[in-house]
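Asker: just to be clear, the model below is a prediction. Sequence and coordinates:
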Amino acid sequence: MKAPYWILLIGAVPVAHGVAETPVSVDAAGLVRFHDIDSDDNGYVSRVEARSVAVVDNAFDSVDVDGNGLLDRDEYTSVRLAREAD
């Protein structure tokens, strides 16, 4: 009789990095505070971070004035202004 083989996996649970662990509040314009969306605290909102807020994701290309693929605080603020203009 063959002995059963047991496999024990430790630490095999995937973890999503850059995902907010605590809920953040969204204002009436559908935006969150810059600090809350800038999950890596580098002073910019990347395309990946922008995807967490639909309003920012949809406006990303039009407000990324310098075309560097990152939104600084002023560019992020212009998302709100563009939203209010609609």
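Answerer: In hand now; what should we look at?
Asker: what residues does Ala50 make contact with?
Answerer: 37, 56-57, 60, 71 (Cβ atoms under 8 Å, 6 or more residues apart in numbering). Glycine gets a C-beta too; all of them are placed from N, C-alpha and C.
Asker: pLDDT weak spots in this protein?
Answerer: Across the chain, the ranges flagged by pLDDT under 70 are 1-24, 86.
Asker: what residue lies at the spatial centre of it?
Answerer: Geometric centre of the chain, nearest residue: Glu49, 2.3 Å, by Cα atoms, centre = their mean.
Asker: go ahead and confirm that residue touches Asn42.
Answerer: No - with contact defined as Cβ atoms under 8 Å, Glu49 does not reach Asn42; the gap is 9.5 Å.
Asker: what is the burial count for Ser46?
Answerer: By the criterion of other Cβ atoms under 10 Å, Ser46 has 17 neighbours.
Asker: list the beta-bridge partners for it.
Answerer: For Ser46, the beta-bridge partners under DSSP bridges are Leu70.
Asker: isn't it right up against Gly69?
Answerer: Yes - Ser46 is within contact range of Gly69, at 7.1 Å (criterion: Cβ under 8 Å).
Asker: ok, Ala85 to Arg33 distance?
Answerer: 21 Å (Cβ to Cβ, to the nearest Å).
Asker: before we move on, the earlier item: check contacts around the residue nearest to the centre of the chain.
Answerer: Glu49 touches 18, 37-40, counting by Cβ under 8 Å, 6+ apart.
Asker: right, I'll leave it there.
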